[in-house]
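Asker: Have a look; sequence and predicted model below, questions after that.
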Amino acid sequence: MARGTLRFWAAAKAAAGIAEEEYDASNLAEALAAAQSSHGEPLARVIARSTFVVDGAPVGGRAHDSVVLTDGGTIEVLPPFAGG
């Protein structure tokens with residue numbers, strides 16, 4: 001397991017009700033599942049439409065369970081912005 005910071009932007013921040021929280025997970029899929037479990041359906045809907053940046057690198061189309069997390073790392077949750 002790795003520990004780091006999960007950052008929510010724009011609609012994700014509004015749905016979670018916070019700007020960031022810690023994660024304790026081995027991969028991106030686990031971290032996102034934990035966040036959805038903690039914050040409920042509103043965040044789950046935003047995450048379904050979001051893109052992610054892990055430790056400064058865009059995740060793109062990679063399977064979320066294949067994105068390994070690091071201690072002290074960051075996950076950025078980026079919902080669609082301004083029509084994007």
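Answerer: Sure thing, it's come through. Numbers count the residues shown, from 1 in each chain.
Asker: Helices of this protein, residue ranges please.
Answerer: Using DSSP state H, the helices of the chain run over residues 11-16, 28-39, 41-49.
Asker: Let me know the angle separating the last one from helix 28-39.
Answerer: With axes from the mean of the first three to the mean of the last three Cα atoms, to 10 degrees as the basis, helix 41-49 and helix 28-39 are set at 150 degrees to each other.
Asker: give me the number of residues near L69?
Answerer: When counting by other Cβ atoms under 10 Å, one arrives at 24 neighbours for L69. Where C-beta positions appear, they are placed from N, C-alpha and C, glycine not excepted.
Asker: What separation is there between it and A44?
Answerer: Distance of L69 to A44, computed by Cβ to Cβ, to the nearest Å: 20 Å.
Asker: bridging residues for A25?
Answerer: With DSSP bridges applied, A25 shows beta-bridge pairing to A2.
Asker: List the residues that contact it.
Answerer: With contact taken as Cβ atoms under 8 Å, 6 or more residues apart in numbering, A25 is in contact with 1-2, 31, 34, 69.
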